[in-house]
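J.: I would like the atomic coordinates for the input below:
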Amino acid sequence: MPRILVIYGTTEGHTAKVAGAITETLHRTGAAVDLNAADDPAPDPDGYDAVIVAASIHAGRYQRPVEKWAKTHAAVLARRPTAFVSVCLGVLQHEPAVRRDLQAIVDRFIALTGWRPTVVKFVAGALPYTRYGWVRRVVMKRIVAKAGGDTDTRRDYEYTDWSDLRQFAADFGQGLSGVTSRAAVH
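T.: This next block holds a predicted model:
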């Protein structure tokens, strides 16, 4: 049974929900999974067979605790299967320029941390208008309106394709089926 570490960074809480769905799915594949926020004292990934990191894009970058954790553990991460789940509303836009921008943000993250994930998964996030302060709500409404999105600020919106995310997690877990747990080796 492989041991998998899921690390996440979140700003409004949606990426924590994404990481939780990944964790639940991996448990169903028979894996032993630990879930930790990057800003908690997150564990060293050395005792795990695989690692999934989830973070959301805000102002062109990921949460600093995720960047710091990935940079600190880049050498260990390079020696095992890893996935990076990038959560962003930009995923909903299908213009090539937006896709290039999202890839550029991931590329900057890789350059900054020195960690090159085995696989990168882009996931649409959420728009929690009701949790934003007044200024942020207005700014987000303008940005979303330009993209043709939902602008009723009296409610929140979730755009994550949960079925696709769970399938991704299941496929990742099943890809580890032949892995002997490092915990059993140590």
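J.: my guess is residue 39 meets residue 9, correct?
T.: Yes - if you go by CB atoms under 8 Å, residue 39 and residue 9 touch, sitting 7.0 Å apart. To be clear about C-beta, it is placed using only N, CA and C from the backbone, and glycine gets the same treatment.
J.: and for the two, which residues touch both?
T.: By the contact definition CB atoms under 8 Å, 6 or more residues apart in numbering, residue 39 and residue 9 are jointly contacted by 63, 65.
J.: of these two, which one has the most company?
T.: Neighbours per residue (other CB atoms under 10 Å) separate residue 39 from residue 9, with residue 9 holding more: 26 against 15.
J.: check contacts around that one.
T.: Residue 9 neighbours (CB under 8 Å, 6+ apart): 15, 37, 38, 39, 54, 55, 56, 62, 63, 64, 65, 66.
J.: which SS class is residue 6?
T.: For residue 6, the secondary-structure state derived from DSSP: H, G, I helix; E, B strand; the rest coil is strand.
J.: tally up the residues packed near it, please.
T.: A total of 23 residues lie near residue 6 under the criterion other CB under 10 Å.
J.: for it, give its distance to residue 55.
T.: For residue 6, the distance to residue 55 (CB to CB, to the nearest Å) stands at 12 Å.
J.: residue 67 now?
T.: Distance, residue 67 to residue 55, by CB to CB: 8 Å.
J.: repeat for residue 176
T.: 22 Å.
J.: and these two? which has more neighbours close in?
T.: Per other CB under 10 Å, whichever of residue 176 and residue 55 has more neighbours is residue 55, with 29 against 20.
J.: report the mean per-residue pLDDT for the one helix or strand the more buried one maps to.
T.: Secondary structure from DSSP states H and E places residue 55 in strand 50-56. Averaging pLDDT along strand 50-56 yields 98.
J.: same thing with stretch 157-174?
T.: Mean predicted lDDT for stretch 157-174 stands at 96.
J.: what are the buried residues along it?
T.: 157, 159, 160, 165, 166, 168, 169, 172, 173 (16 or more other CB atoms under 10 Å).
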